[in-house]
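Enquirer: let me see the structure of the following:
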Amino acid sequence: MRAGPQLWTEEVRADRARRGHNQGVGDFYTPHLFAQEVSNRSTQTRMPSDVGLRTLDLLDALARQLYEVHTFVPGLVNYYESFSIPRPFTLAAAQVLGVPHPHHSKTGIARDLFLTSLVERKAPDGTIERTAWDAISTKQLKCRNVNIALMLRQTWCAQEGIPHFLFTEMSVPKNVWKNIQIIRGSKPRLGEFEVVPGLMDKHPSRMLADIASTTSEVSIAKFCTHYDQTHGLEKGSAIRVFLNLLLRHLLNVNLDVQYLLDQPIANAKPTPGAQINNGAV
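Expert: Down below sits the predicted model:
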C-alpha cells in the first residue's frame, strides 16, 4: 500500500505540518493522510461525520467498519482518524525496546506512525473518555514490521494513559455488522422525499409506547405490518420508524441474528431512561 506522497522527505513532512496535518480539534482537525493519498487494493472512503461538520478520510474498508461501529455506540463526541503519534517518541521507544523503527524504503527516513483512530466518547458520568484504535487485518498481523509499529503505538498509548484496542475483521460478528449497516441505512438523507409527511414527528414515541406494552410473540416484521395497517401508513413506514428507534439508541434488540426483523417483537426493549424527541436523526 502506498500512503501519502510518492517520496517522503523531511521537507515534505515539514510542509504537511505547515498545512495543518494531524492538527486541530473537533471539526478543525486535519488527519495525517487523506483518502485520495492512499493507493491499495481496499476501499478508501470519504464520508460525512455523524458527530460534526467534518468529512472523514477513512483509508480502507476495515477503517470504515470501525468508524461505523463506533457511531452505533452512544456518546461519540469526536473521531480523529489516522491520528499520528509524535515521531520523537516512537524513535526513542524503538531504541529502548531494541527494535528497528519503520522507515520509508525510498528515502530511508523514519515513518510517522498513526493510529486508525483516536476516539472521544462521553461517559455516563459526563466525563470524556479517550480510546485508541488500530484496525488491522489478521493477515497484516503476520507481518513483523506491522507488529513493531503496533507495539510502538501501544507504548505511546500506555504512557498517555489511553486504553488501546485492536480491531480486526473478526472483531464484530458478521450478522451484527450486517444489521448495523441496515440500521444506519435508515438514516434520512438530506433532501429525501417523505412518502409519509411527518412520519418521524409523532410515530417514534407512539411505536415505542406500543412496544413497551406488548406481550405479543409475533415477529418484528409482522408487528410493523400491523402498525402500518392500524395507523393507515404506507407499507414499510413502520419498519423505517423501528430502524430509526434503533439508530437513535431508543430501542435495543438482538443484532446477532441473520434476519433482524424475523425475531419476536418481544426481543425489542426500550432503552431505560431514554428521552425521545420528535424528528429523526
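Enquirer: next SSE after the host helix or strand of Phe223?
Expert: Assigned by DSSP states H and E, Phe223 falls within helix 220-230. Next in sequence after helix 220-230, counting helices and strands by DSSP H and E, comes helix 237-247.
Enquirer: could you pull out the buried residues of the lengthiest helix in the chain?
Expert: Using DSSP state H, we find that the single longest helix of the chain is helix 144-160. By neighbour count on 16 or more other CB atoms under 10 Å, the buried set for helix 144-160 is Val146, Ile148, Ala149, Leu150, Leu152, Arg153, Gln154, Thr155, Trp156, Cys157. In short, each C-beta sits where N, CA and C put it, glycine included.
Enquirer: of those residues, closest to Phe89?
Expert: Lowest distance from Phe89 to these (CB to CB) belongs to Trp156, with 5.5 Å.
Enquirer: what is the neighbour count of Arg87?
Expert: 15 (other CB atoms under 10 Å).
Enquirer: how about the nearest residue to it once chain neighbours are set aside, secondary structure?
Expert: In space, and not counting its chain neighbours, Arg87 is closest to Asp112: 5.4 Å by CB to CB, 6 or more residues apart in numbering. Classification of Asp112 using DSSP: H, G, I helix; E, B strand; the rest coil returns coil.
Enquirer: re earlier: Lys122: which of the buried residues of helix 144-160 is nearest?
Expert: For these, the nearest to Lys122 is Cys157 (20.1 Å; CB to CB).
Enquirer: look up how far Val119 lies from Asn145.
Expert: According to CB to CB, to the nearest Å, Asn145 stands 25 Å off from Val119.
Enquirer: likewise Ala35?
Expert: 19 Å.
Enquirer: for Ala92, same thing?
Expert: For Ala92, the distance to Val119 - CB to CB - is 26 Å.
Enquirer: cool, Leu33 as well?
Expert: 18 Å.
Enquirer: cool, and Val99?
Expert: On the measure of CB to CB, Val99 and Val119 end up 27 Å apart.
Enquirer: higher neighbour count, these two?
Expert: Counting neighbours by other CB under 10 Å for Val99 and for Val119 shows that Val119 has the greater number, 24 against 16.
Enquirer: beta partners for that one?
Expert: Per DSSP bridges, the residues bridged to Val119 are Tyr79, Thr131.
Enquirer: mind listing what it touches?
Expert: The contact partners of Val119, by CB atoms under 8 Å, 6 or more residues apart in numbering, come to His70, Leu76, Asn78, Tyr79, Tyr80, Arg130, Thr131, Ala132, Trp133.
Enquirer: does Tyr79 touch Leu58 like I think?
Expert: No: Tyr79 is beyond contact range of Leu58, at 9.9 Å (criterion: CB atoms under 8 Å).
Enquirer: show me how far the strand or helix carrying Lys178 is from its chain's centre.
Expert: For Lys178, the element it lies in under DSSP H and E is helix 174-184. Its chain's C-alpha centre and that of helix 174-184 lie 12 Å apart, by CA atoms, centre = their mean, to the nearest Å.
Enquirer: quick one: mean pLDDT for it?
Expert: Helix 174-184 comes out with an average pLDDT of 92.
Enquirer: same check on stretch 44-59?
Expert: 88.
Enquirer: and stretch 66-81, by the same measure?
Expert: Mean predicted lDDT for stretch 66-81 stands at 92.
Enquirer: on that earlier part again, which residues sit against the helix holding Lys178?
Expert: 65, 68-69, 71-72, 172, 243, 246-247, 255-258, 260.
Enquirer: same thing but 7 Å
Expert: Applying CB atoms under 7 Å, 6 or more residues apart in numbering, the contact partners of helix 174-184 are Gln65, Glu68, Val69, Phe72, Leu243, Leu246, Leu247, Leu255, Asp256, Val257, Gln258, Leu260.
Enquirer: from these, which land in helices?
Expert: Those of those lying in helices (DSSP H): Gln65, Glu68, Val69, Leu243, Leu246, Leu247.
Enquirer: which one of these is nearest Leu208?
Expert: Closest approach between these and Leu208, by CB to CB: Leu246, at 11.1 Å.
Enquirer: tally of neighbours for the nearest residue to that closest one once chain neighbours are set aside?
Expert: Leaving aside its sequence neighbours, Leu246 sits nearest to Ile183 (CB to CB, 6+ apart; 4.9 Å). Neighbourhood size, Ile183 [other CB under 10 Å]: 20.
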